[in-house]
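K.L.:
I'll drop the sequence and a predicted model, then ask my questions.
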Amino acid sequence: MKAMASAPAKTILFGEHSVVYGEPAIAGAVNKRAVVKIRPSKSDKSILKSYDLNFEAELDTENKKYVLKKGKPGIIRYILEALSKVHNHSPIEILLSSNIPIGSGLGSSAAVTVATLAALYRYHNIRFNKKSLAHDAHMVEEAVQGIASPLDTLVSTYGGLVYLSRNKKVEHFKVNFNAPFVVGYTNKHGNTGKMVKDVRLLKNRNPKVINNVISSMGQLTNYAKQAILKRDFDKIGELMNINQGFLDVLGVNTFELSRMVYRARECGAIGSKITGAGGGGSIIALCPNNIDQVAEGISKEDNVLKIRFTRKGVSSRVRD
Ligand SMILES: Nc1ncnc2c1ncn2[C@@H]1O[C@H](COP(=O)(O)OP(=O)(O)OP(=O)(O)O)[C@@H](O)[C@H]1O
Ligand SMILES: C[C@@](O)(CCO)CC(=O)[O-]
Ligand SMILES: [Mg+2]
């Protein structure tokens, strides 16, 4: 029996970090995916391989440990945590492919987690639905990162453009939001777990100031929801720029992210901001009239990713 599953990356338009404290957020699945294939191992060891990420590890699924043969270990922790929830420790081979830049604010950890869990459920013939999968994947991200909101795993599971409300209700935007966005990313990676913890420490040291900032970010997300429903690009852009200011206050901005944000605006973007956890990683720029100029401007010193929003969430199948 072989099982495979794939899940999309995401980009957050509004609400990163504030969503961790229960504020609303808006994020969309994008056309980059992580693919996980599982089959019985040819030896008595469980093996994890990724040619795309250039790593290979032998997994000790019972003790959540691994021996790294090559590459960087980070993402393995999400896979081991998923295995500990579902797998019976029989020797398997896991092959991970992904065209999502890792540690770049595009939800690679969530996509890998969702795809791994879905492939494991298929492999073991365990019934699941999107609701249970999104929940389990959130538990994995929380266990690995210490703190995580349900946003990334939810978007990666369901696909589409999603509004997550204060009481964790998921609403899918019905608008055709094939909006003209450019994503820029630096070669300096962020680490979501660390950034979320740093924001919490800042908030603990300055509760009155930071609590107000976080609730303003929630308010801003609700204004943005209205602007998206009206396809009012000027308003969306203005709100993205305000959001960027708030993210800077939270301490997740970097020199490279700022460089991309301002270069995008200089080249005609009507809004630009960090997307994801920051500390490295990505920005997103709204540029209805000049995508090419903005992409060219960013690519002078950083990288550009052409993204499209996609309705396609997780998908999985088995083969005998
Ligand atoms: N080349 C690599 N190979 C394997 N793991 C990596 C590599 N580079 C980074 N990692 C790990 O991958 C994980 C990426 O998850 P993280 O949540 O930090 O980023 P992301 O999901 O891409 O972005 P975000 O959560 O902000 O949307 C981290 O644990 C990091 O240590
Ligand atoms: C920074 C954060 O809000 C988004 C990371 O993509 C963390 C989370 O929601 O878990
Ligand atoms: Mg992540």
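P.N.:
Cool, got the structure. Ligands and ions are numbered 1, 2, ... in the order given.

K.L.:
the closest residue to Glu141 other than its chain neighbours: neighbour count?
P.N.:
Excluding its sequence neighbours, the residue lying closest to Glu141 (C-beta to C-beta, 6 or more residues apart in numbering) is Ala148, at 4.0 Å. C-beta here means a position set from N, CA and C on the backbone, and glycine is covered the same way. Ala148 has 25 neighbouring residues, counting by other C-beta atoms under 10 Å.

K.L.:
can you give me the domain assignment for the protein?
P.N.:
Per automatic domain parsing, the structural domains of the chain span 2-173, 181-305.

K.L.:
which of those sits closest to ligand 3?
P.N.:
Distance to ligand 3, taken as C-beta to the ion, is lowest for domain 2-173 among the domains of the chain, at 3.3 Å.

K.L.:
show me what contacts the residue nearest to Gly146 when sequence neighbours are not counted?
P.N.:
By the measure of C-beta to C-beta, 6+ apart, the closest residue to Gly146 outside its immediate chain neighbours is Gly193, 5.8 Å from it. Gly193 is in contact with 144-148, counting by C-beta atoms under 8 Å, 6 or more residues apart in numbering.

K.L.:
how close does Gly193 get to Ser315?
P.N.:
27 Å (C-beta to C-beta, to the nearest Å).

K.L.:
ok, back up a step: from the contacts of Gly193, which two are the most distant?
P.N.:
Spatially, the most separated pair among the contacts of Gly193 is Val144 and Ile147, at 10.5 Å (C-beta to C-beta).

K.L.:
ok, those two, which is more surrounded?
P.N.:
Per other C-beta under 10 Å, whichever of Val144 and Ile147 has more neighbours is Val144, with 21 against 14.

K.L.:
please report how far that one lies from Leu305.
P.N.:
Between Val144 and Leu305 the distance is 24 Å, computed by C-beta to C-beta.

K.L.:
please apply the same query to Leu247.
P.N.:
Going from Leu247 to Leu305 by C-beta to C-beta gives 19 Å.

K.L.:
show me where the chain has strands.
P.N.:
Taking DSSP state E to define them, one finds strands in the chain at 2-14, 25-40, 46-50, 55-60, 65-70, 92-98, 161-164, 170-172, 181-185, 271-275, 282-286, 303-305, 315-319.

K.L.:
residues touching the residue in the chain positioned nearest to ligand 1, list them.
P.N.:
Distances between the chain and ligand 1 by C-beta to the nearest ligand atom are smallest at Gly74, namely 2.1 Å. Residues counted as contacts of Gly74 (C-beta under 8 Å, 6+ apart) are 102-103, 191.
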